[in-house]
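Enquirer: My questions concern the predicted model and sequence given below.
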Amino acid sequence: SQLWQLSMLSAIDLSRNDLQITIPTEIGRLTTLSFLVFELMNLLVGSIPTQIGLCTNLIELDLQYTSVGGTLPTEIGKLAHLTALKLGNSDLSGTMPTEIFNLTKLEILYVYETGIGGTIPTEIGDLATSLQYTDMDTTNLHGTIPSEVGRLVNLRSFDISNTVITGTVPTELGSLMEVSRMMLEQSLVHGDLDPIFCTGSINFWKIDRGWLSSDCLEDEGNGQIPRTVCSCCTACYGQFAPYIFFTREQLSTCNNQCVACDDDVYAPSCNECPTNSKNEQICEISCSMNATSGECEKRTVFDTSV
């Protein structure tokens, strides 16, 4: 293709189309390329050629929702200007090469819903001031959460849900003052999260629109013991009941009228829920755990089946 002969090209965006192509080895000729975006190209197949490492001006590489497979070439570690590596929902496998963590400008690392396995490299801590968003959910990752994650001082989102990552959460994560989204559910992570996320420097109850989820749901009827203790989780997951959402601390009383409106808005009653674009009033019934006293506890359980 003549496309790969355009040596002064700075951006390629072929997202959301049905072209059936591969990334050719000629990609290495595009040394001025800054953006390579193939998102939602289901017919993009093959693997990432090692010549990608010659695109040293690349800022964003987006292969999300494609059929690109194979393993990640270590040459990606040569892309010193890369700020976004988006590989989620592809057919990639293997492990994350440690060379990725040489990319000291990397802000976004998405490998969710891939066959990538192995452990989270301790070298992730080398992205101490750059990494802000990392999504590793629904992968084959195992091992434990390295304490070096606590060095990521600008981290805002961390998702390892639906993996076989195990162990306890390192206390170092309690120093991540910028984090507002932490998803640990449907993994093998266990232990008491309260000292780290609920009563320490971070308090997810006090983060506007914050999200913290873990396997903290108890179901005595089915003999289920929660893997984690978490009094400030936004959602608790379990084996028998998939999840239960909780309110925020601001709701201190309910008088049997605590409700959750659509789109995460809370109100004293269903009548005060706003309408959506279809002029429908949507709310979830409430206070099922506190109906006799009419008072909301710090966490009010909503019946999400209604």
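Expert: In hand now; what should we look at?

Enquirer: need the contact list for Leu54.
Expert: Ile27, Gly28, Arg29, Thr31, Glu75, Lys78 (Cβ atoms under 8 Å, 6 or more residues apart in numbering). Every C-beta, even on glycine, is put in place using the N, C-alpha and C of the backbone.

Enquirer: same question but for Leu173, I mixed them up
Expert: Ile145, Val149, Gly150, Val179, Met182, Ile196, Phe197.

Enquirer: State whether it is indeed within a helix.
Expert: Yes. Leu173: assigned to a helix according to DSSP: H, G, I helix; E, B strand; the rest coil.

Enquirer: Contact partners for Val189?
Expert: Val189 makes contact with Ile145, Ile160, Ile165, Thr166, Gly167, Thr168, Val169, Ser214, Asp215, Arg227, Thr228, according to Cβ under 8 Å, 6+ apart.

Enquirer: Any idea how far apart the tips of stretch 8-23 sit?
Expert: Separation of the first and last residues of stretch 8-23 by Cα to Cα, to the nearest Å is 18 Å.

Enquirer: Could you do stretch 23-32 as well?
Expert: First-to-last residue span, stretch 23-32, Cα to Cα: 17 Å.

Enquirer: ranges for the strands of the stretch 1-150 of the chain?
Expert: Listed in chain order, the strands of the stretch 1-150 of the chain (DSSP state E, counting those that start in this stretch) span 11-13, 35-37, 60-62, 69-71, 84-86, 91-95, 108-110, 115-119, 133-135, 140-142.

Enquirer: The helix or strand following the last one pairs with which strands?
Expert: What it means is strand 140-142. Where DSSP states H and E defines the elements, the next helix or strand beyond strand 140-142 is strand 157-159. Strand pairing for strand 157-159, using DSSP bridges, gives strand 133-135 (parallel), strand 181-183 (parallel).

Enquirer: what does strand 157-159 contact?
Expert: Strand 157-159 has contacts (Cβ under 8 Å, 6+ apart) with 112, 132-137, 149, 179-183.

Enquirer: Can you convert those into a markdown table and add a column each for pLDDT, neighbour count and distance to Leu14?
Expert: Below are these laid out as a markdown table (pLDDT from 0 to 100; neighbours: other Cβ atoms under 10 Å; distance: Cβ to Cβ, whole Å):
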| residue | pLDDT | neighbour count | distance to Leu14 |
| --- | --- | --- | --- |
| Tyr112 | 96 | 23 | 22 |
| Gln132 | 97 | 18 | 26 |
| Tyr133 | 97 | 17 | 24 |
| Thr134 | 97 | 24 | 25 |
| Asp135 | 97 | 22 | 23 |
| Met136 | 97 | 24 | 26 |
| Asp137 | 96 | 20 | 26 |
| Val149 | 97 | 22 | 34 |
| Val179 | 93 | 24 | 34 |
| Ser180 | 90 | 16 | 33 |
| Arg181 | 93 | 19 | 30 |
| Met182 | 94 | 27 | 34 |
| Met183 | 95 | 22 | 31 |
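
Enquirer: how about TSV for those, with distance to Gln5 added?
Expert: Formatted as TSV, these follow (distance: Cβ to Cβ, whole Å):
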residue	distance to Gln5
Tyr112	34
Gln132	36
Tyr133	35
Thr134	36
Asp135	35
Met136	37
Asp137	39
Val149	43
Val179	45
Ser180	45
Arg181	43
Met182	46
Met183	44
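
Enquirer: bridging residues for the spatially closest residue to Gly115 that is not a sequence neighbour?
Expert: Spatial nearest neighbour of Gly115, chain neighbours left out: Ser93 (3.6 Å); criterion: Cβ to Cβ, 6 or more residues apart in numbering. Counting by DSSP bridges, Ser93 is bridged to Thr71, Gly115.

Enquirer: confidence score at the residue nearest to Glu26 when sequence neighbours are not counted?
Expert: Take Glu26 and drop its neighbours on the chain: the residue closest to it by Cβ to Cβ, 6+ apart is Trp4, 3.8 Å away. With respect to pLDDT, Trp4 has a value of 79.

Enquirer: again, but for Val189
Expert: For Val189, the model assigns a pLDDT of 95.

Enquirer: Ramachandran angles for it?
Expert: phi -70, psi 140 (degrees, to the nearest 10).

Enquirer: That one and Val169, how far apart?
Expert: 6 Å (Cβ to Cβ, to the nearest Å).
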